[in-house]
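J.: sequence first, predicted model second:
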Amino acid sequence: MIDELLNLVEEHEQWRGRKCLNMIPSENVMSPAVRSLLSSDLGHRYTSKEGFYMGTRFIDEIEQYGEELAKNLFECKTADLRPLSGHVANLIILACFTQPNDTILCVSPDNGGYPGIWRHGLSRLLKLRTVGFPFSKEARNIKVEEARNLILQKKPKMVVFGASIFLFPHPMKELTEAMDEVGAHVGYDGSHVLGLIAGGKFQDPLREGAHALYGSTHKTFFGPQGGIILADREHDENIQKRVHPEFVDNAHWNRIAALTLALAEMKTYGKQYARQVVQDAQTLAKALAEQGFPIACPQLGYTQSHQLLLDYGGFKQGGAIAKKLEKANIIVDRGVRLGVCEATRRGMKEDEMRRIAVLMERVIVDGENPHRVKEDVMKLAEEFQEIEYRFK
């Protein structure tokens with residue numbers, strides 16, 4: 001049993017780490033130094049802001065250092081590194097600023113919004129009413145005038161920007177006046193684009209009207225799996241009073257140490273990294289479009305984020321495409337969102353994006369045997385095993 005477990009982990013490491021091109025937009029890779037902190041002694045320990053546990057002085061310093069780094073990087077008043085995931089960060093924000101029967105306005109899953117806060121997710125748990133933003137599928141974005149009118153009509157207690165399919169910045173500034181008029185709390189789920197925000201390449205939610213920026217720390221942001229909340233002073237007071245013990249007890253201090261180092265890496269290399277991510281995504285989108293793939297939003301330059309979308313019209317056909325690509329060791333999801341954040345972290349640039357487009361063309365357009373294409377995929381993956389944008 002033990003040998004079987006260890007063998008499974010090793011096989012996974014070899015396959016996904018060395019032999020595949022990972023194009024899933026919700027995944028990334030940590031640097032070796034960040035990854036090593038996850039197995040430190042911190043993973044065994046507890047601390048608490050109330051001082052219940054002894055022997056915590058180094059843990060407490062690490063947390064404080066991480067919070068200061070996050071505040072500096074995102075230019076915010078307060079930061080909380082304790083949420084265990086982006087989903088938990090969403091739960092904390094919604095629970096802190098809404099009451100049962102309140103209305104929240106967000107992007108619906110039908111338009112690429114995060115299902116975790118919709119009607120069968122956290123909104124059902126918290127007994128919230130959900131209303132979807134008026135949305136243009138052609139532009140993959142919120143319709144400003146219709147959204148402004150809807151805010152004034154529905155008077156949502158909370159407005160949530162951000163999405164799972166997230167190609168372009170959301171029009172926050174254009175809706176600020178309406179949100180202020182109805183007294184809405186404004187959240188921005190930056191799970192997918194947090195690294196781009198840190199690198200100054202997407203949008204700046206906390207300067208564009210958001211009271212809180214929050215989400216996952218392992219997508220375009222190249223930290224460990226987990227969550228973070230960044231907020232203005234007024235909203236943070238409510239958050240700090242409730243995070244512990246309502247939503248997080250032991251916050252996994254090995255993860256917080258690893259996140260702190262990732263914050264330092266992002267502070268040093270984030271602008272360079274984010275710029276390359278967007279260039280890579282746009283290059284890949286253009287190359288695939290030239291080869292006949294149905295890339296969304298050609299009229300808008302395809303994307304301004306790490307994602308591009310193959311518009312096959314749903315999970316059924318998208319799932320078939322994903323399975324074919326997996327046979328060639330090209331890993332995507334059933335929505336056929338393609339993300340370049342991990343490829344960029346491994347040092348790939350525009351030339352490699354064009355190579356990836358050719359490999360995908362061979363499988364999907366030309367119908368070549370995926371097992372033949374896999375040999376070339378593995379050769380390309382093997383060329384880029386070094387993690388870039390990190391302290392060496």
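T.: Arrived safely.
J.: please parse this protein into its domains.
T.: 33-263, 270-383 (automatic domain parsing).
J.: now those as CSV including distance to Glu13, mean neighbour count and mean pLDDT?
T.: Using the backbone N, CA and C atoms, a C-beta is placed for each residue, glycine as well. Converted to CSV, these look like this (distance: least, C-beta to C-beta, whole Å; neighbours: other C-beta atoms under 10 Å; pLDDT from 0 to 100):
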stretch, distance to Glu13, mean neighbour count, mean pLDDT
domain 33-263, 12, 20, 96
domain 270-383, 13, 19, 96
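J.: out of those domains, flag the one nearest Pro25.
T.: Judged by C-beta to C-beta, the one of the domains of the chain that comes nearest to Pro25 is domain 270-383, at 2.4 Å.
J.: how long is that closest one from one end to the other?
T.: This stretch, domain 270-383, spans 23 Å end to end (C-alpha to C-alpha, to the nearest Å).
J.: distance between it and the chain's centre?
T.: Mean-position distance between domain 270-383 and its chain equals 18 Å (C-alpha atoms, centre = their mean, to the nearest Å).
J.: for this protein, what's the longest helix?
T.: The longest helix of the chain (DSSP state H) is helix 253-290.
J.: could you point out the helix or strand that follows that helix?
T.: strand 307-309 (DSSP states H and E).
J.: what packs against the next helix or strand after that following strand?
T.: With elements assigned by DSSP H and E, the helix or strand that comes after strand 307-309 is helix 315-327. Applying 3 or more C-beta pairs under 8 Å, 6 or more residues apart in numbering; DSSP states H and E, one finds that helix 315-327 contacts helix 350-364, helix 370-383.
J.: kindly reformat these as CSV containing distance to Asn90.
T.: Below are those laid out as CSV (distance: least, C-beta to C-beta, whole Å):
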stretch, distance to Asn90
helix 350-364, 32
helix 370-383, 33
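J.: wait, which of those helices is closest to Gly43?
T.: Here helix 370-383 is closest among the helices and strands packed on helix 315-327 (C-beta to C-beta), at 29.7 Å.
J.: what's next to the closest one, contact-wise?
T.: Identification of contacts with helix 370-383 by C-beta atoms under 8 Å, 6 or more residues apart in numbering yields 18-21, 324-325, 327-330, 352, 355-356, 359, 362-363.
J.: got the angle for it vs helix 350-364?
T.: 160 degrees (axes from the mean of the first three to the mean of the last three C-alpha atoms, to 10 degrees).
J.: and Leu42, that one's in a helix?
T.: Yes: assessed with DSSP: H, G, I helix; E, B strand; the rest coil, Leu42 lies in a helix.
J.: residue contacts, it?
T.: Going by C-beta under 8 Å, 6+ apart, Leu42 touches 59, 62, 253-254, 256-257.
J.: 7 Å - rerun?
T.: Contacts for Leu42 (C-beta atoms under 7 Å, 6 or more residues apart in numbering) come out as 59, 253-254, 257.
J.: any chance of these in CSV, plus distance to Ser108?
T.: Below are these laid out as CSV (distance: C-beta to C-beta, whole Å):
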residue, distance to Ser108
Ile59, 41
Trp253, 37
Asn254, 36
Ala257, 37
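J.: biggest separation within those residues, which pair?
T.: For the contacts of Leu42, the farthest-apart pair by C-beta to C-beta is Ile59 and Asn254; their separation is 9.8 Å.
J.: turn the domains of the chain into CSV, columns for distance to Lys392.
T.: CSV is the format used below for those (distance: least, C-beta to C-beta, whole Å):
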stretch, distance to Lys392
domain 33-263, 9
domain 270-383, 12
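J.: helices or strands up against the longest helix of the chain?
T.: helix 32-37, helix 57-74, helix 194-198, strand 307-309, helix 341-345, helix 350-364 (3 or more C-beta pairs under 7 Å, 6 or more residues apart in numbering; DSSP states H and E).
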